[in-house]
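> Next one to model:
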Amino acid sequence: MTAPNTQTPVSPALLPLIFAMGLYYAVHAAIRVQAPGNVTLDESEQMLMARWFQWGYSPQPPLYTWLQAALFRVMGESVAALTLLRNTLQLVVFVGFHLIARREFGDRTRTVLASVSLLLILEFVWDNQRERTHSLLALAIAVMQFRVLLSLIDRPRLTVYLISGVLAAAGMLSKYNYALYLFALCIALISRPTLRARLLDARTLLSAAVALALLAPHLHWLQQHPFVAGALGDKLDTTGHTGALHAAGLVLVTIASFLSPLWLVCLLIFPSAWRGLLTGRQAVSTVFPYPVFLGAMTVMLLAVAVGMDLDRIRERWMQPLLFLFPIAFFACVAHGSLTPRRRQLFLGAAALAALLALAGQAWRVAPPTFKTQMTRLDHPMGEMATALQQSGLPLQTIVTDDYYLAGSLRLQLPHSNLHTANPTLRLPRPASGQLALLLWESADAGPPAEALLSRVHQTTGCTLDADAPGEPAIGPRLQVRYGKNRAATYSVRTARLRC
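You can find the predicted model right below:
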């Protein structure tokens, strides 16, 4: 095997690839802002939460919301600000991953193939454009932290250790499963004597101290809000009735699904490399033991799934955990396998995936008349906001039973104070004594369901004045279509808030 590459000179030949990806994400952003009046589910959550800076908001860590709130301060609360953050993070992921590949391989062919392979991971090329927030940020930070780790291996300076601690905290403030990524990194470092010294260095304690200091306020917030643990348990669906075999199979299926269609393309074009990947025999030496890392990550995922008897694992949770797979794979591809024909096939597959993602983005923002099934970007939230404005009802404070509806209306009614009765969100309570508008989904124009009134008290700490005058539904009740076969009717009434 060849000696590992220890130099990372600036390579002008590779700069066009980075420029091309920057242009690619700019096109994605330009297409998305063609539908400036609607938001997706995750975007609606940010529209609600990113109005404030808090140590916590929901069962998700707060860092993405902090970044979005800062961007809102600069650009205003808009689809453009939401889109800019998402596409910037995706470009950070690609550039950081490209730098990792260049550092490990040192040659153009493997670096380019490993870099563009991200486009063959559906979560990366499509789902990150469509919905992702916290998982995308965790991926970006994981990529940055790994590149810093490679720098630490080359030159173990105190500043690099401290930066690593900051990034570790940032990762935990992005997604809680980032802890698995950190554990797997430590296991991989311990496996090699030359790397073990970097981990056991006294400066690692300083790095950990920095991370803990940065995490302390959020950890205190978690202690004060025990509902987070229950909400996370609901998300994981820890039913306790699935069985170890089912849980283990779920992990393996999720890993294969997350790496699709990349693993299939690699199998078809570079079939012999799989033997080296599974046995840990690399065609080129790398500084970091990628097979050990991936093996440790798989074992930890299996242990968590079996130990907690999980019945649900999402592909998006794998983003910060398995993103190093392309580096590990192309380290196992023999030099003789990198023929021009195979390179062209692989690059063609990646280019096709990128073009399909652009086409999908264009389809999302196309008028609903061209679609057989509506998406959230097609919901007539502008019509609902206009109907509310024309009703003459007080719109200073609006409380809904659906955070997607609240976030969407926040985009349409920026001067209204939107709140949701969703029990998993913790936002500042509205001012006491205000006349609030209740907006809820109902088959008739009757009073709000008792469940909604209870959730309003649970989430805002406010009660509703039962003697407040009611209002009928707006004109002909507005029906909002959710998908192809479902329409929702919303009713309204006013109530005095007592907080």
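
> Identify the residues contacting the residue nearest the centre of the chain.
Closest residue to the average C-alpha location of the chain: Ser135 at 2.6 Å, with Cα atoms, centre = their mean. Taking Cβ atoms under 8 Å, 6 or more residues apart in numbering, we find Ser135 in contact with 123, 128, 175, 316-317, 319-320. All C-beta atoms are positioned from the backbone trio N, CA, C, and that covers glycine.

> so which of those residues comes closest to Ala385?
Asn128 (28.6 Å; Cβ to Cβ).

> from memory the closest one sits against Thr88, does it?
No - using Cβ atoms under 8 Å as the test, Asn128 is too far from Thr88 to be in contact (11.8 Å).

> Neighbour count: the two, which is higher?
Each of Asn128 and Thr88 has its neighbours counted (other Cβ atoms under 10 Å); Asn128 has more, 26 against 16.

> Buried residues in the helix or strand containing Ala197, which are they?
Using DSSP states H and E, the element containing Ala197 is helix 193-199. Across helix 193-199, burial judged by 16 or more other Cβ atoms under 10 Å covers 195, 198-199.

> got JSON lines for those residues, with pLDDT and distance to Arg493 too?
What follows is those, written out as JSON lines (pLDDT from 0 to 100; distance: Cβ to Cβ, whole Å):
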{"residue": "Leu195", "pLDDT": "95", "distance to Arg493": "64"}
{"residue": "Arg198", "pLDDT": "94", "distance to Arg493": "63"}
{"residue": "Leu199", "pLDDT": "95", "distance to Arg493": "61"}
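
> show me what contacts the nearest residue to Tyr57 once chain neighbours are set aside?
Using Cβ to Cβ, 6 or more residues apart in numbering and skipping residues adjacent in sequence, the residue nearest Tyr57 is Met49, 4.5 Å away. Contact analysis of Met49 by Cβ under 8 Å, 6+ apart lists 57-58, 65, 69, 425, 427.

> what's the closest of those to Gly336?
When the contacts of Met49 are compared for distance to Gly336 (Cβ to Cβ), Thr65 wins out at 49.6 Å.

> Against which helices or strands is the helix or strand hosting the closest one packed?
Per DSSP H and E: Thr65 is located in helix 63-75. Counting contacts by 3 or more Cβ pairs under 8 Å, 6 or more residues apart in numbering; DSSP states H and E, helix 63-75 is packed against helix 41-49, helix 79-105, helix 134-154.

> What is the longest one packed up against?
Taking 3+ Cβ pairs under 8 Å, 6+ apart as contact, the helices and strands that helix 79-105 lies on are helix 15-32, helix 41-49, helix 63-75, helix 108-116, helix 128-130, helix 134-154, helix 325-330.

> and those helices, which is most packed in?
Burial of those is given as mean neighbour count (mean count of other Cβ atoms under 10 Å); helix 325-330 ranks first at a mean of 26.

> Check the offset of that one from the chain's centre.
22 Å (Cα atoms, centre = their mean, to the nearest Å).

> ok, and what's touching it?
Residues contacting helix 325-330 (Cβ under 8 Å, 6+ apart): 97, 100-101, 104-105, 110, 113-115, 117-118, 259, 262, 266, 270, 273, 277, 286, 290-291, 293-294.

> can you check stretch 137-153 too?
63-64, 67, 89-90, 92-93, 96-97, 99-100, 103-104, 124, 128, 160-161, 163-164, 167-168, 170-171, 174-175, 177-178, 181, 185, 195, 198, 287-288, 319-320, 323-324.

> Quick one: mean pLDDT over it.
Averaged over stretch 137-153, pLDDT sits at 97.

> where are the low-confidence patches of the chain?
1-14, 237-242, 442-453, 464-488, 499 (pLDDT under 70).

> longest strand of the protein?
Identified as the longest strand of the chain according to DSSP state E is strand 487-498.

> Extract the C-alpha set from it and format it as CSV.
Output of strand 487-498 as CSV, limited to C-alpha atoms (Å, rounded to 0.1, in the frame of the first residue of the first chain):
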residue,chain,number,x,y,z
ALA,A,487,-59.4,18.7,2.8
ALA,A,488,-59.5,20.5,6.2
THR,A,489,-62.0,23.0,7.4
TYR,A,490,-61.0,25.6,9.9
SER,A,491,-63.2,27.5,12.4
VAL,A,492,-62.4,30.7,14.4
ARG,A,493,-63.6,32.4,17.5
THR,A,494,-62.2,35.0,19.9
ALA,A,495,-61.2,34.5,23.5
ARG,A,496,-59.6,36.6,26.3
LEU,A,497,-56.3,35.2,27.4
ARG,A,498,-55.6,35.0,31.2
